[in-house]
Every structure is written in C-alpha cells, then in structure tokens.
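Asker: give me coordinates for this.
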Amino acid sequence: MQRASVMIVAESPFQLTLMADLLEANDITTVRERSLDQAGRSLASVAPTMVIVDLDLADGAPKGLERLRKESERHDVPLLVVTEKGQRQVAEQVLKGCETGTVEKPIDTSAFPRKVVAEIRRHTTRTRPAQA
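Answerer: All right, here's what the predicted structure looks like:
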C-alpha cells in the first residue's frame, strides 16, 4: 500500500505543527500550508491523499475555502475539517455536497491519527473499483 500523504492547512503554527507531528508519528507524510489560497494552488501538484483544513482560517475564508473545496472535488481528494467545539454543523453547511469529515478542537491526540486513517480508508474503499 502506498504511504498516505496529507495536506494540512492552518494559520496557527501550533495547530499546523500539532497535526503534522501526530500524523508523521503514524507514518503519514504531510505537506503544510498556511493559507487556503496557497493550498488551492498547490493541490494538483502535491496530489495528497487527503486535505485537512482548520476552519478558523481567517485569510481568504469563505471564498478560499470554496475554491479549495472545488479543487479537492475535482481531484477526488476528501477534506477533513477541524472546527471549534460546537461548530460541526457550520462546517458541514459550508462544505455541503462535498465528501468531508470533521474533527473538533481541542484535538484528541490519540484519536486524531486514527480518524485520519479511517477517513482515508473510507474514501479509498469507496473509490476502489469492484474486483471481478
């Protein structure tokens, strides 16, 4: 199986480092982006298995989030959205029609890598053609 690669988009250096370190410790390659705009531009060239977006991004949201959502759909890359506690419905509404999962802050350091792996497997299983 090919090693998973995840693009993480977060303005907060703490959140960016925390999520990346948790995933890298679980043998997942990460690409770190500090803005939605840059993430949208580099999505095709990076070709990640998944994109994780911290919904607290102020720079370029919601227009940048919409652009990233469209690019992720175009390249069939699922999104995992990190929200503040109690804002899951907001995330689901913003990303309506897009294959997405959510994680609430504060991030549970033991559950987060498992959630990412589960979402990647779910997406991979969904997109894998049936074998004859």
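
Asker: which residue ranges of the chain form helices?
Answerer: Per DSSP state H, the chain carries helices over the ranges 13-24, 36-46, 63-74, 88-94, 111-127.

Asker: which stretch in those helices is the model least sure about?
Answerer: Here the lowest mean pLDDT among the helices of the chain goes to helix 88-94, at a mean of 63.

Asker: relative to Lys105, how far out is the residue nearest to Asp27 when sequence neighbours are not counted?
Answerer: In space, and not counting its chain neighbours, Asp27 is closest to Arg3: 6.7 Å by C-beta to C-beta, 6 or more residues apart in numbering. Any C-beta I mention is one placed from the backbone N, CA and C, and that applies to glycine too. Using C-beta to C-beta, to the nearest Å, Arg3 is found at 27 Å from Lys105.

Asker: these two: who's more crowded?
Answerer: Lys105 (15 against 8; other C-beta atoms under 10 Å).

Asker: from Glu71, how far off is the closest residue to Gln15 other than its chain neighbours?
Answerer: With C-beta to C-beta, 6+ apart as the criterion, Gln15 has its nearest non-adjacent residue at 5.4 Å, and that residue is Asp54. Taking C-beta to C-beta as the measure, Asp54 falls 17 Å from Glu71.

Asker: ok, these two, which is more surrounded?
Answerer: Taking other C-beta under 10 Å, Asp54 and Glu71 do not tie; Asp54 has more neighbours (21 against 17).
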